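Asks: Got a predicted structure plus its sequence, pasted below:
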Amino acid sequence: MTAVATKATSAPAETGVNRDVLAVFAGLMLGSLIASLNMTLVAPALPTIVAELGGLADYSWIPISAMLASTIVTPIAGKLSDVYGRKPLYMTGIVVFAVGSALSGLAPNFWMLVAARFVQGAGMGFIMPLSQAIIGDIISPRERGKYQGMMGASFGLASIVGPAAGGFITDHFSWRWLFFVNLPIAILTLIVIALYMHVPNERRRRPIDVWGSVTLSGGITCTLLATVWGGVQYPWASVQVVGLYATAAVLLAAFVWVELHTPDPVLPLRLWASRIFTLSNIASIGVAMSMFGAIFFLPVFVQGVIGNSVTSSGAILVPMLLAMIVTSIAGGQFISRTGRYKVPMLAGLVSMGAGYYMLANFNVNTTNATTIVAMVLIGLGLGMTMQTYTLIVQNSVSRQDMAVATSATQLSRSIGAAVGLAILGTILTQGLQTSMAKYLPPAAVQRLTASGNGSTATAVFDPAQLAHLPLAIAAGIRHGLADALHPVFLAGLPVIALAFIATLFIPEVPLRTSAHVTAGRQVTAE
């Protein structure tokens, strides 16, 4: 009789847990959506913002400041959540993001906006990794694939909606509403998390690794600044760039020493002893470099070489992002049902490689149809790989290291994006100097450079300049830009090959069918 009663009361409890999981996941989706939109919503409004606030020469700092802050905060957020709990730290991230959004909308000048964006980025540094860590806590690895697939789809959706919504809001209201629109979503997310996120937390009374956090943050900052500035604002051999790299080396060496001698390190070096952890992070860097290389440089080709408008050059990314959404969801379902993840990931990397091979062979005769095929191939691969590395890492670590390991994977992705964009941008900048000279006489290069904000190729992006150019000069610029972009896309092939090799050697271990903790209020037995 007792056994029957126990069995009968278990079903409602399970139903409640499922409802709580869905409610928590809805809150995580909202948080990830506003963080993802933040990266795409502002892009089309940048010219309008700098026209009003000034700072055209430094406008790139608007996205860079947020990326830099997010990269710095990500590993620290993971460790703090292990100590103080996921829920309070996730909610803190949303509040910080909302404060940064409000400050951005109210910014009276350019550099105040850059500072406010830094605050926004710090909030993103909490939201993005902790959302993955919370999923890792409450959902078993076997079931986690479909949830992370939906998280990946939300990123793709934000990437599609963001540029169009950003342009609409800027045209019909004001660019300041690009930031104010985050506030009601942030409040709704806070309410959902406060009411429905009930995840037990084992607090550990240990000192915070302050020196580890400081040296890691300083080392990452110096490395990213040197990579972003090198070859663009300062020569690679300049005192500024060499000095930053040297400082980064000293700080990162100090970080390693601190981590080896502290009882509770912010990023335990023992994690790197795991082949799964190390190879997954290496592959994540490669995938991030490839993804952002396509997103940022393909529109340059489409607009500058093919001759599409600004709106069309942004729309050319839609097939890639739609393909990414489809395979992100389908791949997550496949992993949850079969427990196998290695074959889909390798197939995805092959698809990405095929897409990049097409990009590397683009020329002035390339059509929009060919571009779309390449984009679809890259998108299919991204959907099968981007979120899965996080799943692999989470499946291989204990509950104690869940947030730290997840943050490390997010950190690798951020570093891959930042470093990849910097390197590929340098390749393009340096390639333009030699490729344009092959198609244009020196006098034309000098004249266009003087009138095109320092770059001859800007003439094909400016309708006012392009309308006054002879057809032969415009054709020469397009040929030169196509030649300069060739090594940019070609550089993506060895990066994808490295990610493929790293993934090939990741041991495929069974996905756990149990979660670390149970979502929902804990009921004590009487």
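Replies: It's in. Numbering: from 1, shown residues only.

Asks: mind listing the helices for the stretch 101-250 of the chain?
Replies: Assigned by DSSP state H, counting those that start in this stretch, the helices in the stretch 101-250 of the chain fall at 110-138, 141-172, 177-180, 182-196, 210-229, 239-261.

Asks: Which of those helices has the lowest mean pLDDT?
Replies: Comparing mean pLDDT across these, the lowest value falls on helix 141-172: a mean of 67.

Asks: For the helices of the stretch 101-250 of the chain, could you give me JSON lines that also reports distance to residue 290?
Replies: Any C-beta I mention is one placed from the backbone N, CA and C, and that applies to glycine too. Listed next are these as JSON lines, based on distance: least, Cβ to Cβ, whole Å:
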{"stretch": "helix 110-138", "distance to residue 290": "19"}
{"stretch": "helix 141-172", "distance to residue 290": "15"}
{"stretch": "helix 177-180", "distance to residue 290": "28"}
{"stretch": "helix 182-196", "distance to residue 290": "29"}
{"stretch": "helix 210-229", "distance to residue 290": "17"}
{"stretch": "helix 239-261", "distance to residue 290": "24"}
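
Asks: Could you export those as TSV, including mean neighbour count and distance to residue 488?
Replies: Shown next, in TSV, are the helices of the stretch 101-250 of the chain (neighbours: other Cβ atoms under 10 Å; distance: least, Cβ to Cβ, whole Å):
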stretch	mean neighbour count	distance to residue 488
helix 110-138	25	26
helix 141-172	21	20
helix 177-180	20	29
helix 182-196	17	33
helix 210-229	20	16
helix 239-261	16	21
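
Asks: Can you tell me which of these is nearest to residue 330?
Replies: Nearest to residue 330, of all the helices of the stretch 101-250 of the chain, is helix 141-172, at 7.6 Å by Cβ to Cβ.

Asks: Return the residues in contact with residue 194.
Replies: Counting by Cβ atoms under 8 Å, 6 or more residues apart in numbering, residue 194 touches residue 91.

Asks: List the buried residues of the host helix or strand of residue 480.
Replies: Taking DSSP states H and E as the definition, residue 480 sits inside helix 471-490. For helix 471-490, the neighbour count (16 or more other Cβ atoms under 10 Å) marks 473-474, 476-486, 488-489 as buried.

Asks: Next: stretch 260-279.
Replies: Buried-residue list, stretch 260-279, by 16+ other Cβ under 10 Å: 262, 265-268, 271, 274, 276-279.

Asks: Which of those fall in helices?
Replies: Per DSSP state H, helices hold the following members of the buried residues of stretch 260-279: 276-279.

Asks: which among these gets closest to residue 79?
Replies: Comparing these against residue 79 with Cβ to Cβ places residue 277 closest, at 15.7 Å.

Asks: circling back to that earlier point, may I ask which of the buried residues of stretch 260-279 comes out lowest in pLDDT?
Replies: Here the lowest pLDDT out of these sits on residue 266, with 74.

Asks: gap between that residue and residue 381?
Replies: Distance, residue 266 to residue 381, using Cβ to Cβ, to the nearest Å: 33 Å.

Asks: Kindly report the same for residue 73.
Replies: To residue 381, residue 73 is 29 Å away according to Cβ to Cβ.

Asks: Neighbour count: those two, which is higher?
Replies: Between residue 73 and residue 381, counted using other Cβ atoms under 10 Å, residue 381 has the larger neighbour count: 30 against 27.

Asks: what's the pLDDT at that one?
Replies: pLDDT at residue 381 comes out at 90.

Asks: Name the nearest residue to it, ignoring sequence neighbours.
Replies: Excluding its sequence neighbours, the residue lying closest to residue 381 (Cβ to Cβ, 6 or more residues apart in numbering) is residue 352, at 3.3 Å.

Asks: The one you found: what secondary structure?
Replies: Following DSSP: H, G, I helix; E, B strand; the rest coil, residue 352 is assigned to helix.

Asks: my guess is it meets residue 384, correct?
Replies: No. Between residue 352 and residue 384 there is no contact under Cβ atoms under 8 Å: 9.0 Å.

Asks: residue nearest the centroid of this protein?
Replies: In the chain, the residue lying closest to the centroid (Cα atoms, centre = their mean) is residue 414, at 5.6 Å.

Asks: Grab the nearest non-local neighbour of residue 506.
Replies: Once flanking residues are discounted, residue 506 sits nearest to residue 279: 4.8 Å by Cβ to Cβ, 6+ apart.

Asks: Any figure for the gap between that neighbour and residue 273?
Replies: Applying Cβ to Cβ to residue 279 and residue 273 gives a distance of 12 Å.

Asks: repeat for residue 429
Replies: In terms of Cβ to Cβ, residue 429 sits 39 Å off from residue 273.

Asks: contacting residues around the residue nearest to residue 120 when sequence neighbours are not counted?
Replies: Among residues not flanking residue 120 along the chain, residue 100 sits closest, at 3.3 Å (Cβ to Cβ, 6+ apart). Contacts for residue 100 (Cβ under 8 Å, 6+ apart) come out as 116-123.

Asks: do residue 380 as well
Replies: Going by Cβ under 8 Å, 6+ apart, the list of residues near residue 380 reads 323-324, 326-327, 348, 351.

Asks: And the helices in the stretch 401-526 of the chain, which stretches?
Replies: 402-439, 442-451, 463-466, 471-490, 492-504.

Asks: winner for burial among those helices?
Replies: Comparing those by mean neighbour count (mean count of other Cβ atoms under 10 Å), helix 402-439 comes out on top with a mean of 22.

Asks: With adjacent residues omitted, what lies nearest to residue 485?
Replies: Once flanking residues are discounted, residue 485 sits nearest to residue 301: 5.3 Å by Cβ to Cβ, 6+ apart.

Asks: and the angle for the one helix or strand that neighbour maps to with helix 492-504?
Replies: Using DSSP H and E, residue 301 falls within helix 275-301. With axes from the mean of the first three to the mean of the last three Cα atoms, to 10 degrees applied, the angle from helix 275-301 to helix 492-504 works out at 160 degrees.

Asks: how about helix 275-301: buried residues?
Replies: For helix 275-301, a neighbour-count test (16+ other Cβ under 10 Å) marks 276-301 as buried.

Asks: how far out from the middle of the chain is that helix?
Replies: Between the centre of helix 275-301 and the centre of its chain there are 9 Å (Cα atoms, centre = their mean, to the nearest Å).

Asks: ditto for stretch 179-191
Replies: Its chain's C-alpha centre and that of stretch 179-191 lie 21 Å apart, by Cα atoms, centre = their mean.

Asks: go on, stretch 97-109?
Replies: 22 Å.

Asks: That one: which residues count as buried?
Replies: 97-105, 107.

Asks: Could you tell me how far residue 281 is located from residue 501?
Replies: Residue 281 sits 14 Å away from residue 501, going by Cβ to Cβ.

Asks: and what of residue 177?
Replies: Counting by Cβ to Cβ, the separation of residue 177 from residue 501 is 46 Å.

Asks: and what of residue 70?
Replies: Separation of residue 70 from residue 501 (Cβ to Cβ): 28 Å.

Asks: Straight-line length of stretch 196-211, end to end?
Replies: Taking Cα to Cα, to the nearest Å, the first and last residues of stretch 196-211 lie 35 Å apart.

Asks: Many thanks, we can stop here.
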